[in-house]
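Participant: Give the three-dimensional model of this entry:
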Amino acid sequence: MDDGATWVPVVEQPVTVRAEDGTHSSELHFKKMATGQNGALVRAVFHNAHGTAVTDPVALTVAEKKSKGNGREG
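Facilitator: Down below sits the predicted model:
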């Protein structure tokens, strides 16, 4: 990781919903993350006819996936 010197677009697209009060919120879920990606910086970039807005970067927290096990003791 290079502390934000390089940014790579993601293929996934966020899901945006409109609340009853007229506000919008978006969520982006990353699939198949590796624990080695813990601490990677991510940011959002928004473009429209009025210009571009970029969020401050935040660090990802990637935890190990808990094993479901097979239900057997042994």
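Participant: Could you use CA atoms for every contact and neighbour count after this?
Facilitator: OK.
Participant: Would you map the strands across the chain?
Facilitator: 15-18, 24-27, 41-42, 45-48, 51-54, 58-59 (DSSP state E).
Participant: now what about the fourth one, what contacts it?
Facilitator: The contact list for strand 45-48 (Cα atoms under 8 Å, 6 or more residues apart in numbering) reads 52-55.
Participant: how about low-confidence regions in this structure?
Facilitator: 1, 69-74 (pLDDT under 70).
Participant: Quick one: the helices in this protein, in order.
Facilitator: Here the chain has no helices by DSSP state H.
Participant: Report how many residues lie close to residue 43.
Facilitator: 13 (other Cα atoms under 10 Å).
Participant: Skipping adjacent residues, who's closest to it in space?
Facilitator: residue 57 (4.6 Å; Cα to Cα, 6 or more residues apart in numbering).
Participant: show me the contacts for the one you found.
Facilitator: 4, 41-44.
Participant: If you rank those residues by neighbours, which is first?
Facilitator: Result: residue 41 is most packed of the contacts of residue 57 (other Cα under 10 Å), 18 neighbours.
Participant: thought it was touching residue 4?
Facilitator: Yes: counting by Cα atoms under 8 Å, residue 4 is a contact partner of residue 41 at 6.4 Å.
Participant: Looking at the strands of the chain, which is nearest to residue 65?
Facilitator: strand 58-59 (18.5 Å; Cα to Cα).
Participant: For the closest one, what is the distance to the chain centroid?
Facilitator: 9 Å (Cα atoms, centre = their mean, to the nearest Å).
Participant: now stretch 14-26
Facilitator: Computed by Cα atoms, centre = their mean, the chain-centroid distance of stretch 14-26 equals 17 Å.
Participant: For it, list the C-alpha coordinates in PDB.
Facilitator: This file holds the C-alpha atoms of stretch 14-26, laid out as PDB (Å, rounded to 0.1, in the frame of the first residue of the first chain):
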ATOM      1  CA  PRO A  14     -22.700   1.500  -4.800                       C
ATOM      2  CA  VAL A  15     -26.400   1.100  -4.000                       C
ATOM      3  CA  THR A  16     -28.100   4.500  -3.400                       C
ATOM      4  CA  VAL A  17     -31.400   4.800  -1.700                       C
ATOM      5  CA  ARG A  18     -33.600   7.900  -1.100                       C
ATOM      6  CA  ALA A  19     -35.100   8.300   2.400                       C
ATOM      7  CA  GLU A  20     -38.500   9.600   3.100                       C
ATOM      8  CA  ASP A  21     -37.000  13.000   4.100                       C
ATOM      9  CA  GLY A  22     -35.500  13.400   0.700                       C
ATOM     10  CA  THR A  23     -31.900  12.600   1.700                       C
ATOM     11  CA  HIS A  24     -29.800  10.000  -0.200                       C
ATOM     12  CA  SER A  25     -27.300   7.500   1.200                       C
ATOM     13  CA  SER A  26     -25.000   5.000  -0.600                       C
END
